[in-house]
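In: After the sequence you'll find the predicted model.
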Amino acid sequence: MLKRFFPLLLCVLLTACAAPAPEPAQQQVIAMSIVMTFTAYGGEAEAAVTSAAEQMCALEASFSRTLPDSEVSRLNVQGRGTVSRNLGELLQAAGHYCASTDGAFDFTVAPAASAWGFTTDHFQVPNPEELEALLPLVDGAAVTVENAEEGYDVVLGDGQSVDLGGIAKGYAADLAADIFAASGIERGKAELGGNILVWGTRPDGAPWRVGVQDPARPGEPNALAGVLELENAYAITSGSYQRFFEAEGKIYHHIIDPSTGYPADSGLTSVTIVANTRERPEPDRPGNGTMCDAYSTALFIMGEEKALDFWRTHQQSGLYEDAFDLVLITSDGRVLVTAGLADRFTPDETSGYVYETVS
Amino acid sequence: MKPFPELRPAPWDLAVVAAVLTLALFCGVMVWGGAATGLTAIVTADGEEIDRFPLSAPAGERTYSAGGYTLTADVSPDGIQITASDCPTQDCIRTGRISRSGQSIVCLPARFILRLEGKTEINSSGVDAVIG
């Protein structure tokens, strides 16, 4: 009897080989004016992606400058208040990165950014006197954030307002990492409108292949400056091509230099910061996603020379929490990749860029 | 030496042959036939699912209302594209036709997402995501 059934058993076993790879759980949501896609394999994948999508909507409801009922909007109107744990720890981190970049990243640039219409999409070129008058309000050091019994107490300087647009997506990536870790996710990714968290490896065991958009060809989805091979990492990009408007034949982009009030004119067209995932160093301090987002904005504003000096200083400091690498793309057609990424970056030979490794 | 038993097909043998053929056919369909026809289009507006249909559904136009805008999708077995939308950005139209699992068309002003789901293919030469 067994002999007769053996071939049948064999057939059943063989069909198992043809079964497709396990399908991931996936959720897609629009929040913070970007598309967010969460993909997870293993562990409680379905619950993790659902929770991530829900939490992103909650973050938007708290961090938005355009929703009048958001925590940030209320804080900007009242100038002080007790805020939630998420907003408080992000404001605290924003203050830290404002100081560590010597103000190149400044979360109080809101009044200047608004003068250009980047909050409302009613773009305009403000007159120089108007910008000059707003600049004293741009000073992240004037904001105090303190732990309170429930949440955090925040006090802004007179007339100040905060805008977390340069850091909130990185914080969202950190929350996604927290959720993936708590849910036992083996591998996955969180794509946050042109920024990414990759968790583990791809299902075939290879690193995730992350293309870096060619800033010179922003409308073409397959136009890449190169490909990064990453595991357990964040990669966050700031680029002048992401949001801009044209007035009287001139292009004005959305990355405002806090020291001038004008769009940063630094000779860079795109800055990507890559850092490893890690556990929170302290319970109320977000992970490296937040750092990558703040630094991508700051280093874009600094320009090539200062950005590379900043990177060198932080490499030498040897602080694990500050270790990161860069892909800088310049307006004169060069792609600079820092040493830590050199063997994980493949140039796109068709792009026409000159590639350099920096150490 | 023990003589070989007489070899003669028995009813169970025929059943095994039939089972092997059926499973072989099934495997073939799973491996070769599923890619093009197994896709499902899922449409959401402001996070709520408003439509779901197999790409093999009858070809034609489908119209959606989302966030105060109206979008028209052209559906055919080889993909979907948005052919008309009264949204201000028109990015949904510029996305063009999507045809592979994991691809999506997004209209931010309408908070509209049309996504294709199906068997996920691991792309060894391409990329898993684009940043920037």
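Out: Right, received. Where do you want to start?
In: Looking at chain B, what residue ends up closest to chain A?
Out: residue B:132 (2.8 Å; CB to the nearest CB). For glycine as for every other residue, the C-beta is placed from the backbone atoms N, C-alpha and C.
In: Hmm, that residue is touching residue A:272, no?
Out: Yes. Using CB atoms under 8 Å, residue B:132 makes contact with residue A:272 at a distance of 7.2 Å.
In: Compare those two (neighbour count), which wins?
Out: Neighbour count, other CB atoms under 10 Å in any protein chain shown: between residue B:132 and residue A:272, residue A:272 has more, with 30 against 27.
In: Please enumerate the strands of chain B.
Out: B:40-45, B:48-54, B:60-66, B:69-76, B:79-85, B:104-107, B:112-117, B:129-131 (DSSP state E).
In: In TSV: those strands, plus mean neighbour count and mean pLDDT.
Out: Below are the strands of chain B laid out as TSV (neighbours: other CB atoms under 10 Å in any protein chain shown; pLDDT from 0 to 100):
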stretch	mean neighbour count	mean pLDDT
strand B:40-45	20	92
strand B:48-54	12	92
strand B:60-66	14	94
strand B:69-76	18	94
strand B:79-85	19	94
strand B:104-107	22	90
strand B:112-117	22	90
strand B:129-131	22	89
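In: For those strands, give me CSV that also has distance to residue A:27.
Out: Putting these into CSV (distance: least, CB to CB, whole Å) gives the following:
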stretch, distance to residue A:27
strand B:40-45, 10
strand B:48-54, 12
strand B:60-66, 18
strand B:69-76, 21
strand B:79-85, 20
strand B:104-107, 12
strand B:112-117, 10
strand B:129-131, 15
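In: who are the neighbours in contact with the residue of chain B closest to chain A?
Out: A:194, A:212, A:213, A:214, A:215, A:218, A:237, A:239, A:242, A:270, A:272 (CB atoms under 8 Å, 6 or more residues apart in numbering or on different chains).
In: Between which two of those is the distance greatest?
Out: A:218 and A:272 (14.5 Å; CB to CB).
In: tell me, what residue is most central in chain B?
Out: The centre of chain B sits closest to residue B:39, judged by CA atoms, centre = their mean, with a distance of 1.0 Å.
In: Got the phi and psi for it?
Out: For residue B:39, the backbone dihedrals (degrees, to the nearest 10) come out as phi -80, psi 140.
In: I'd assumed residue B:98 was in contact with it.
Out: No. If you go by CB under 8 Å, residue B:39 and residue B:98 don't touch, sitting 9.6 Å apart.
In: okay, and the common contacts of the two?
Out: residue B:116.
In: circling back to that earlier point, looking at the contacts of residue B:132, which are in strands?
Out: Residues of the contacts of residue B:132 located in strands (DSSP E): A:212, A:213, A:237, A:239, A:270, A:272.
In: Overlap of the contact sets of residue B:132 and residue A:272?
Out: A:212, A:237.
In: for the stretch 201-350 of chain A, what spans make up the strands?
Out: With DSSP state E, counting those that start in this stretch, the ranges of strands along the stretch 201-350 of chain A come out as A:208-213, A:224-230, A:233-239, A:244-247, A:250-253, A:268-276, A:325-330, A:334-338, A:345-347.
In: Could you point out which of those sits nearest residue A:113?
Out: strand A:250-253 (11.3 Å).
In: as a whole number, average confidence for the closest one?
Out: Average pLDDT, strand A:250-253: 90.
In: For that strand, C-alpha coordinates in PDB please.
Out: What follows is strand A:250-253 as a C-alpha-only set of coordinates in PDB (Å, rounded to 0.1, in the frame of the first residue of the first chain):
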ATOM      1  CA  LYS A 250      14.100  81.800 -11.700                       C
ATOM      2  CA  ILE A 251      13.700  78.500  -9.700                       C
ATOM      3  CA  TYR A 252      13.000  78.800  -6.000                       C
ATOM      4  CA  HIS A 253      13.200  75.500  -4.000                       C
END
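In: residues making contact with that strand?
Out: So strand A:250-253 is in contact with A:116, A:123, A:125, A:240, A:241, A:242, A:243, A:244, A:245, A:246, A:263, A:264, going by CB under 8 Å, 6+ apart.
In: list the contacts for residue A:169?
Out: So residue A:169 contacts A:32, A:34, A:192, A:193, A:195, A:236, A:293 (CB under 8 Å, 6+ apart).
In: Check residue B:40 too.
Out: Applying CB under 8 Å, 6+ apart, the residues near residue B:40 are B:52, B:53, B:54, B:55, B:116, B:117, B:118.
In: Can you give the distance of stretch A:137-153 from its chain's centre?
Out: 22 Å (CA atoms, centre = their mean, to the nearest Å).
In: what's the answer for stretch B:97-106, then?
Out: Centroid separation between stretch B:97-106 and its chain, computed with CA atoms, centre = their mean, is 9 Å.
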